[in-house]
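> What shape does this take:
(chains A, B and C)
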Amino acid sequence: MIYTKWPTAAYSASAQDIAPCLLGQYLVHQTERAVYAGRIVETEAYGGTYNGKADDGSHAFHGLTKRTAPMFHQGGIVYVYLIYGMYHCVNIVTGPEGAGQAVLIRAIEPVEGIEAMLENRHMMQMKPKVTNGPGKLCQAMNITLAQNQLDLTGQEMFVARAVEKQPVSIICTPRIHIDYAVNGKSFPWRFYIQHNPYVSKA
DNA sequence: TACTGGATCCCT
DNA sequence: GGGATCCAGTAT
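Got it, this is the predicted structure:
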């Protein structure tokens, strides 16, 4: 499959603006073993402010640290982190240098490399649970800390344009699993494609 | 040097 | 509803 890569300029806007734009686009990870590609169906924006309140649900809220450094990079790189000691989450860094913003990819619909995805997930047949969650899609697409800070203008990982054959409805809700965030808990920064079976539950 | 808890997942 | 599993961040 031929993919048209997003240009650097596409990552200069804020996370909350880019998060819904990523829906329907392809996330591609090219490895020696397989080319993984998935249609992004669910995202969450992190960082910045909403109604004048800082996003205390973001890793960037406490400032630049060793772990969160990629979030403060200029938009257009990947931020991968280890969660609960056993899973990984992949984010698209956005905005100008120092902004501390990123879009978490919460779910994808497998497009290419499906056999390898099933192997990575130890599953025998295609089901939504293969990639309907941030940890699941990373395991399926073999995304680990080895991919942290990758430049999205490179060949290994990138976002590709996709033309939607039919218009899709985008739903906007508060984000998931950030009850610890006093302010950010209610920010309407989760976006997903309505009725898509690969969207995570909750 | 010790402690705490998490942008999750899976099984019970 | 709870356990797995480990490291960054924070407190001693």
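> Would you agree A:Ser14 is in contact with A:Gly95?
Yes: A:Ser14 is within contact range of A:Gly95, at 5.6 Å (criterion: CB atoms under 8 Å). C-betas here are computed from N, CA, C, even on glycine.
> of the two, who's got more company?
A:Gly95 (24 against 18; other CB atoms under 10 Å).
> distance of that one from DNA strand B?
Separation of A:Gly95 from DNA strand B (CB to the nearest atom of the strand, to the nearest Å): 13 Å.
> Phi and psi next, for the nearest residue to that residue once chain neighbours are set aside.
Leaving aside its chain neighbours, A:Gly95 sits nearest to A:Gln101 (4.5 Å; criterion: CB to CB, 6 or more residues apart in numbering). Geometry field for A:Gln101 lists phi and psi as phi -130, psi 150, criterion degrees, to the nearest 10.
> Tally up the residues packed near A:Gln101, please.
Neighbours of A:Gln101 (other CB under 10 Å): 30.
> for A:Met124, what are its contacts?
A:Leu118 (CB atoms under 8 Å, 6 or more residues apart in numbering).
> Report the separation between it and DNA strand C.
Applying CB to the nearest atom of the strand, the value for A:Met124 to DNA strand C is 21 Å.
> How about A:Ile105?
From A:Ile105 to DNA strand C the distance is 20 Å (CB to the nearest atom of the strand).
> number of nearby residues for that residue?
A:Ile105 has 27 nearby residues by other CB under 10 Å.
> just checking, it touches A:Leu22?
Yes: assessed by CB under 8 Å, A:Ile105 is found in contact with A:Leu22 at 7.4 Å.
> For my notes, confirm A:Lys185 occurs in a helix.
Yes: residue state for A:Lys185 (DSSP: H, G, I helix; E, B strand; the rest coil) corresponds to a helix.
> Isn't it up against A:His177?
No: A:Lys185 sits out of contact with A:His177 when judged by CB under 8 Å, with a separation of 10.2 Å.
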